[in-house]
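# How does the following fold in three dimensions:
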Amino acid sequence: SVSGSNTVSAMVTNTGAIEVQAGTLNLAGGLSGVGSVTIDNGATLELAGATAQTIAFAGGVDTLQLDKIVGQSFTGTIAGQSTKAGTFTIKGAADITTSSGDALDFTASGGTSAAPADIILTPTGALTGAANGVAVTQNGAGDISFTAAGDIKGLAGHGIWLRDSATGAGDITVNDLTGKAAGTGANSVGVLVENLNSASAGGISITQLGGAVGGAYGIDAVTLGGGDITIDAGGTITGSSIYGIRSRSYGAGDQTVTTKVGSVVTSGSSGIVAVNRSIVLGATSASTITVNAYGAINSGSSLNLGGNTPSGIEAGYTGAANGTNANTAVNGTVIVFVMDMPEMTVSISTEQMVRWGIGAEDLEEIARENLGRNGAADGATHPQIRRHAAKRGDALGFGRKILAAHVGANLVAHHVPEGVVGQVERVPDHVL
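From the prediction side, this is the model:
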């Protein structure tokens, strides 16, 4: 046990117990071993390198600082744990690369509404986990705040994974302005944020501007409670097999998804999906879903999770926890802004053409007609491809979601060897 300011220059092999009671203990030579490590209220533990370590945060204001020092490295999972109330911070410029497990974890379970356990993670280095990059779980009351600058990678899992469990409650915030979040594996997500407590009104805020990629989703946010979801995405966002960005609420909170100018959303199925799955939602809740698309959207050709044709953007109130239902007990407002800077593309597969009863020649003819139209106002004359879809099925997958009277842009298509790409060009600011 130590207190005051202490620096140990040699490598420390911990076979017993280390407790930082007050002040700062700087293990400048690094830390190894399997002994216990505890940080008390008001104390700071500073590490210049370490093997896998589990750090107990004893309550109050406890800080772990991970330094980036030449010749030192972090080679194992750094896992914070607390069963007490307080404010628990992990910060520093260190890179972490593990051969097993996650790079950085934290689990809290001791917070209450009167005395929360707030988790604050502000790493600026690159974090690469053999499983997940970062995994944080709140089992009690308290906020989770994650601010990063470097790339976050999960080599067999998610990049960034933050969640309130079924007993957790609090706001969850991701603020990554420069780094890329990458998950690896069929079901992986670049940034996954979950509120699994239906009684929690905690909000979710994701600012991921350096890009995100996952085997399933680029960015995925879900709340079972009544809080809002806000997603602000930039860079390249890729959901390789399913959606680029998905936002789901099972409560009355608002959802806002914004993609930045210059961003590119690419997906195996639909590009951006924002849905509310409440089965009872009164008009007084004033619930809204807003999608602001400033960047390009390249949707894939795989059917969406409902078995329907993929779209660039899908937004709405489903009226059911699974699937869709014409439910008059659900009230909400959907606003989709497609701005005039980007292009939005939708791939059309051969299987889809067969189901619609049209061939490549039909699509080629429609594409050339629309290209020749060169921007006629849709309010007077709908694009040919939309009239064609009305007769034989929804060729671009928008008809079930946006009434023709609400369409505010011309759809054009370019012929390519393996299919047809539909896109929105020269779109004035409008609401769909």
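# Would you map the helices across the stretch 251-400 of the chain?
With DSSP state H, counting those that start in this stretch as the criterion, the stretch 251-400 of the chain has helices at 350-356, 360-373, 384-392.
# Comparing these by mean pLDDT, which bottoms out?
Here the helices of the stretch 251-400 of the chain differ in mean pLDDT, and the lowest is helix 384-392 at a mean of 31.
# V280 - how many residues pack around it?
11 (other C-beta atoms under 10 Å). Glycine gets a C-beta too; all of them are placed from N, C-alpha and C.
# try V61
Using other C-beta under 10 Å, V61 is surrounded by 16 other residues.
# Now the phi/psi pair for it, please.
Main-chain dihedrals, V61, degrees, to the nearest 10: phi -110, psi 100.
# Once you drop chain neighbours, what's closest to it?
Excluding its sequence neighbours, the residue lying closest to V61 (C-beta to C-beta, 6 or more residues apart in numbering) is T87, at 5.1 Å.
# The one you found: what secondary structure?
Following DSSP: H, G, I helix; E, B strand; the rest coil, T87 is assigned to strand.
# confidence score at it?
Listed pLDDT for T87 reads 98.
# Adjust the sequence numbering to begin at 648 for everything that follows.
Okay, using 648 as the starting number, the last item reads as T734.
# Could you tell me how far it is located from K800?
Distance, T734 to K800, by C-beta to C-beta, to the nearest Å: 28 Å.
# What of I982?
In this view, I982 and K800 are 35 Å apart by C-beta to C-beta.
# the more surrounded of those two?
K800 (27 against 13).
# Local confidence estimate at that one?
98.
# and what of G718?
At G718, the pLDDT value in this model is 93.
# That one: how many residues sit nearby?
For G718, using other C-beta under 10 Å, the count is 8.
# go on, T931?
By other C-beta under 10 Å, 8 other residues sit near T931.
# Same question for S845.
Other residues near S845 come to 12 when the count uses other C-beta under 10 Å.
# quick one, what contacts it?
Applying C-beta atoms under 8 Å, 6 or more residues apart in numbering, we find S845 in contact with L871, G872, Y897, G898.
# please redo it, this time with the cut-off set to 6 Å
Each residue near S845 by C-beta atoms under 6 Å, 6 or more residues apart in numbering is listed here: L871, G872.
# Tell me the spacing between it and L809.
18 Å.
# now do G849
Per C-beta to C-beta, G849 is found 11 Å from L809.
# Looking at the two, which one has more neighbours?
Neighbour tally, G849 and L809, criterion other C-beta under 10 Å: the higher count belongs to L809, 27 against 23.
# Settle this for me: that one is touching T794, isn't it.
No: with contacts counted by C-beta atoms under 6 Å, L809 stays clear of T794, the gap being 11.8 Å.
# Run the chain-centre distance for the helix or strand hosting S679.
Using DSSP states H and E, S679 maps to strand 678-680. Centroid separation for strand 678-680 versus its chain: 34 Å, with C-alpha atoms, centre = their mean, to the nearest Å.
# any idea of the mean pLDDT for that strand?
97.
# Contacts made by that strand with the rest, please.
So strand 678-680 is in contact with V659, T660, N661, T662, L694, A697, T698, going by C-beta under 6 Å, 6+ apart.
# Looking at those, which are in strands?
Applying DSSP state E to the contacts of strand 678-680, the entries found in strands are V659, T660, N661, L694.
# With neighbour count and pLDDT added, can I get the residues you listed in a markdown table?
Below are these laid out as a markdown table (neighbours: other C-beta atoms under 10 Å; pLDDT from 0 to 100):
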| residue | neighbour count | pLDDT |
| --- | --- | --- |
| V659 | 18 | 96 |
| T660 | 12 | 97 |
| N661 | 17 | 97 |
| L694 | 26 | 98 |
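# can you tell me which two in the residues you listed are farthest apart?
Greatest spacing in these, by C-beta to C-beta: T660 and L694 (13.6 Å).
# Do I have it right that R893 meets V920?
Yes: counting by C-beta under 6 Å, R893 does reach V920; the two are 4.8 Å apart.
# Surely A782 is in a strand?
Yes: judged by three-state DSSP, A782 forms part of a strand.
# With W808 as the reference, measure out to it.
Using C-beta to C-beta, one gets 5 Å for the distance from A782 to W808.
# cool, and V659?
31 Å.
# Same check on N972?
Distance of N972 to W808, given as C-beta to C-beta: 31 Å.
# Counting neighbours around each, name which of the two comes out higher.
Using other C-beta under 10 Å as the criterion, N972 and W808 rank with W808 on top: 27 against 13.
# partners of whatever helix or strand the more buried one lives in in the sheet?
Here W808, judged by DSSP H and E, is contained in strand 807-811. Take DSSP bridges as the rule and strand 807-811 pairs in its sheet with strand 781-785 (parallel), strand 836-842 (parallel).
# Can you add mean pLDDT, mean neighbour count and distance to K715 and give the ones you listed back as CSV?
Formatted as CSV, these follow (pLDDT from 0 to 100; neighbours: other C-beta atoms under 10 Å; distance: least, C-beta to C-beta, whole Å):
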stretch, mean pLDDT, mean neighbour count, distance to K715
strand 781-785, 98, 25, 17
strand 836-842, 98, 30, 24
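# how about stretch 769-780: buried residues?
Residues of stretch 769-780 classed as buried: P770, T771, G772, A773, L774, T775, G776, A777, A778, N779, G780 (neighbour count, 16 or more other C-beta atoms under 10 Å).
# That'll do, ta.
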